[in-house]
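**Q** Here is a sequence together with a model predicted from it:
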Amino acid sequence: MYRFLLTPRWLGLTLLALVAVPVCIVLGLWQFSRFELHSHAQKQQTALASADAAPSALAPMIASGDRNGVGGDAGLRVSFTGTYDGAHQFVVPQRQLNGRNGSLILTPLKLDASGAGSATYVPVVRGWLPGTPAHAPAAPTGTVSVTGRLQAAETEDSTGVISSGTLPSGELGMISPTTLVNVLPYTVWNGWVSLDAGASGTVGLTALPVSQTAASDSGTSLSLSAIQNLGYVAQWFVFAGFVVFMWFRFVRREAEQVRDRELGLS
């Protein structure tokens with residue numbers, strides 16, 4: 001009854017199934033390796049964002065290759081030295097902290113030229129205040145040495161940003177070079193730093209907690225990329241199972257047709 005499996009058509013279908021199943025399995029295993037990679041990177045980022053992490057020097061990082069942005073170092077604790085630009089400070093409104101509405105206080109800081117090269121400015125969030133103050137509190141003068149957490153430049157999809165409408169002078173809706181370039185006489189680094197509690201310039205302000213300054217997908221929950229990879233794993237294994245199921249179903253249907261012909265039923 002199953003001699004039809006030796007016909008060229010069925011040999012071709014069987015060969016196709018024998019190729020498709022391992023291909024699906026290999027692709028599923030590859031997606032699983034991507035899932036593990038993203039999970040491992042997330043665990044590393046969480047470790048970097050721990051409260052007691054020793055700070056890394058920011059200026060050499062920028063000078064050596066991170067000039068274009070934070071990359072995978074979001075949440076990393078860094079230290080740096082420079083001078084606040086107290087003439088160009090901004091209130092970043094509608095930012096929540098512990099369920100309360102308030103504002104971030106952003107002050108650009110010019111890094112020490114000996115570390116990152118001349119005229120390298122970094123947006124620094126000195127802390128948070130409740131409500132929307134009329135102006136940012138004065139920043140310390142002179143050279144300061146501070147520590148804080150690296151953050152990637154915000155986008156229109158970032159939580160709390162104001163990407164539309166015109167804000168009053170001295171307010172900023174999104175912490176990004178694309179918005180700061182319109183209100184500063186110089187360009188800034190493609191990232192920002194949230195200062196640690198007690199750092200110079202944080203007096204009277206509430207420092208953002210580590211959990212809030214870490215990247216949005218850090219922590220114990222899975223990142224969106226990891227979840228997507230895990231979904232693709234299931235998808236490819238379902239495809240492999242579907243190929244096997246359909247092969248057996250077609251074989252069974254063909255066998256029933258052969259049997260019916262032998263019994264003269266068709």
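**A** Done, it's in.
**Q** drop to CA atoms for contacts and neighbour counts, all remaining ones
**A** OK.
**Q** what bits of the stretch 101-250 of the chain have low per-residue confidence?
**A** Scanning the stretch 101-250 of the chain for pLDDT under 70 picks out 113-119, 211-224.
**Q** ranges for the strands of the stretch 101-250 of the chain?
**A** 121-130, 143-151, 192-195 (DSSP state E, counting those that start in this stretch).
**Q** Reformat those strands into JSON lines and put distance to Leu97 and mean neighbour count next to each item.
**A** Formatted as JSON lines, the strands of the stretch 101-250 of the chain follow (distance: least, C-alpha to C-alpha, whole Å; neighbours: other C-alpha atoms under 10 Å):
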{"stretch": "strand 121-130", "distance to Leu97": "8", "mean neighbour count": "24"}
{"stretch": "strand 143-151", "distance to Leu97": "16", "mean neighbour count": "21"}
{"stretch": "strand 192-195", "distance to Leu97": "14", "mean neighbour count": "28"}
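**Q** of all those, which lies closest to Phe250?
**A** Proximity to Phe250, assessed across the strands of the stretch 101-250 of the chain by C-alpha to C-alpha, is greatest for strand 143-151 (55.9 Å).
**Q** and that closest one, what other elements does it pack with?
**A** Counting contacts by 3 or more C-alpha pairs under 8 Å, 6 or more residues apart in numbering; DSSP states H and E, strand 143-151 is packed against strand 77-84, strand 192-195, helix 210-213.
**Q** how far out from the middle of the chain is that strand?
**A** Between the centre of strand 143-151 and the centre of its chain there are 21 Å (C-alpha atoms, centre = their mean, to the nearest Å).
**Q** repeat for stretch 230-248
**A** Using C-alpha atoms, centre = their mean, the offset of stretch 230-248 from its chain centre is 30 Å.
**Q** quick revisit: ok, which of the helices and strands packed on strand 143-151 comes nearest Leu29?
**A** helix 210-213 (32.4 Å).
**Q** circling back: compare the strands of the stretch 101-250 of the chain and report which one is nearest to Val23.
**A** Per C-alpha to C-alpha, nearest to Val23 of these: strand 143-151, 39.8 Å.
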